[in-house]
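Student: All I have is the shape, not the residue letters:
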């Protein structure tokens, strides 16, 4: 009895080992090209960098950029320490003043120093997500309506085709002027710069979602439509039970496309309008024209790329969770 | 225990600097959170230093310092209240108060610095100019280099049917007037403005076409060949030397020794609404300027490090240091001592002299930005409404009574009337007396004179 157990265990161990081996082999098979590709890129990059002389010195190669990542992080840590001291001084100053001037409404003001790269990343992320969600709230109902009503679709489609390819740079001056004309308040809750970037992002990321949603709705199988008709489902139930579930894969495809667009648009908008965020970081460095500027811009490029990738993966994950049509997810 | 707590607090209070006791007399700032704008130039230093050294905080001010894209955006920011104050070109508050360009009453309680600009030409133009410049014993060009050397080059361009373009940073910038002054002193006509005919290009009758380029973009525009030269503040002249794309030929120190450069501008409404804040900002800036010049520029090396940070000027420290630490590099390798290239505090640099304002006004008249004759009283009245020596005086006196600055480091307020004595050190040796602007305007060979109208 005991022997068989041991025997069994060893076979199951063996099986496990095989599986691990197989997995390793697969991973290596998958990773190897990726690693090779990466290495080739690094080699080509450093070769090219050595041969490009700009007026700001040599184009930064991989090692310079890596060093600059370190420098950016150090700056961040130093700035945080400065902020800490700033708050300490402020508390002391407030206390002293309260002693002399008891009516003083003391308060703690936010740190006035420079925004580090991590602050800029946070600002950009908040802006892009707000702009994107604003677009979702508008685009999906609109897409559903267009998908359900053929005539409405015919009416709006030409407009959509015209607005879809408009670059954010064309929208931005208009948005800026309208926001500063319309959004007037003594103590604004939201920063104007934030609103400008956000609205530009919304305007540019609407269209892929509207189009995909309406396509998704229009492509609901006729069998399902018939079922709905036979059951005499109410309009709302029809949408909830038939239309939306069937359109979900395409809706999410649209959302994924939109988020990608939103991220690209945001960086351009921030650069042009000098709104806080990664785009402004790039522009500021360009203006500084120091010998480290190009390397710092390269850092920003990688950060922008990496965050864009993460956003896309996050959307994919959500898509997998809500959609059951696995084939569309794998596309 | 309660009494002990009280005692400790009392001890802290008495231990704090005199400035806090003074604070009660001066009054607390009405507005504590401020945003100041600047353009990436080394002469924004007083703002950066006042921030980094805690001088703003000493006044109970929490200041955010923000780089602006160009001078127009900056001026609009001050006028629409997005900015509470800014590093400005001396001509900006004057022009905007009189209604040339963007209109709005701007005042300045503090003059930020003297000198600090240079004129750079492209390598190609320099090669041609060099033949016309006499050499000293060491074989180096004799300074100051006058525009006489440039004149044949401009004529060559014209003979070839090409325009000779130069960049300056803003129509009412000190750079525009300095560049015009230098060109005209060498017999080159820089062109007139005629705002009453809606011609604000400044290119009427011009031998050299001047146009606006934001300071940080100057080197790139020169490199692209769009312009053949420019007049700009530091570090953008030294940047051209470092990058090997141009050669600075003359500094404004040589065009007019110790000329007033930037001012700190605020809207008149702001100063009226928040008088204590305005005085306190002025106090912090005076202290910063003093720090910059203290002990014979001893702090300049530290200032360079601060300015090189990406949120301020952001150029390489060695580029900034080249001009900030008392030298100036002309042609590559031709480094000369110019100890007063940047002056922040010496020679009463921070006091907003009426005569400084009037000099800029005379140049606006000379080149047609002021299209018709104005009386001497008009010049003086405008200068007085923009250059607020009264605010400066309150700030300076409170600093004296705090023991932070010696009275000897300021003008004698009891006798000061706001006019410098007639100034002689111009490249063309014409004497300037701010008390009689119209007589001064008539001294120039090139330019509008009294009675002239385009």
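Tutor: Sure thing, it's come through. Keep in mind the model is a prediction, meaning the values are calculated, not measured.

Student: Please make it C-alpha for all contacts and neighbour counts, starting now.
Tutor: Fine.

Student: Quick check, residue A:128 in contact with residue A:262.
Tutor: Yes. Assessed by C-alpha atoms under 8 Å, residue A:128 is found in contact with residue A:262 at 6.3 Å.

Student: Quickly list what's touching both of these two.
Tutor: Common contacts of residue A:128 and residue A:262, defined by C-alpha atoms under 8 Å, 6 or more residues apart in numbering or on different chains, comprise residue A:201.

Student: and the stretch 201-331 of chain A, which of its residues are near chain B?
Tutor: Proximity of the stretch 201-331 of chain A to chain B (C-alpha under 8 Å from any C-alpha of the partner chain) is limited to residues A:274, A:284-285, A:287-291.

Student: TSV please, covering those and showing neighbour count and secondary structure.
Tutor: Formatted as TSV, these follow (neighbours: other C-alpha atoms under 10 Å in any protein chain shown; DSSP: H, G, I helix; E, B strand; the rest coil):
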residue	neighbour count	secondary structure
A:274	19	coil
A:284	24	helix
A:285	20	helix
A:287	19	helix
A:288	22	helix
A:289	22	coil
A:290	25	coil
A:291	19	coil
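
Student: And the furthest pair within those?
Tutor: A:274 and A:291 (22.1 Å; C-alpha to C-alpha).

Student: what about the longest helix along chain B, distance to the chain center?
Tutor: Secondary structure of chain B read by DSSP state H shows that its longest helix is helix B:275-297. Its chain's C-alpha centre and that of helix B:275-297 lie 16 Å apart, by C-alpha atoms, centre = their mean, to the nearest Å.

Student: Next, the buried residues of it.
Tutor: B:275-293, B:297 (16 or more other C-alpha atoms under 10 Å in any protein chain shown).

Student: packing partners for it?
Tutor: Where contact means 3 or more C-alpha pairs under 8 Å, 6 or more residues apart in numbering or on different chains; DSSP states H and E, helix B:275-297 is packed against helix B:45-52, helix B:55-58, strand B:106-111, helix B:268-273, helix B:300-307, helix B:389-401.

Student: Give me the contact list for the first one.
Tutor: Applying C-alpha under 8 Å, 6+ apart, the external contacts of helix B:45-52 come out as B:55-57, B:63, B:65, B:87, B:112, B:284-289, B:292, B:303, B:306-307, B:312, B:344.

Student: Name the residues of that helix that come out as buried.
Tutor: B:45-51.

Student: do the same with stretch B:305-314
Tutor: So for stretch B:305-314, counting by 16+ other C-alpha under 10 Å, buried means B:306-314.

Student: Out of these, the closest to chain A would be?
Tutor: Chain A has its nearest neighbour among the buried residues of stretch B:305-314 in residue B:314, at 4.7 Å by C-alpha to the nearest C-alpha.

Student: For the closest one, list the residues it contacts.
Tutor: Residue B:314 neighbours (C-alpha under 8 Å, 6+ apart): A:285, A:288-290, B:40, B:307-308.

Student: Go again with 7 Å.
Tutor: By C-alpha atoms under 7 Å, 6 or more residues apart in numbering or on different chains, residue B:314 lies in contact with A:288, A:290, B:307-308.

Student: how far out from the middle of the chain is stretch B:437-454?
Tutor: 24 Å.

Student: Contact residues of the stretch 51-200 of chain A facing chain B?
Tutor: Contacts of the stretch 51-200 of chain A with chain B, taken as C-alpha under 7 Å from any C-alpha of the partner chain, map to A:55, A:96, A:112-114.

Student: The residues you listed in helices, which ones?
Tutor: Counting by DSSP H, those contribute residue A:96 to helices.

Student: now, the most widely separated pair of the residues of the stretch 51-200 of chain A next to chain B?
Tutor: Checking these with C-alpha to C-alpha, the most distant pair is A:55 and A:96, at 51.9 Å.
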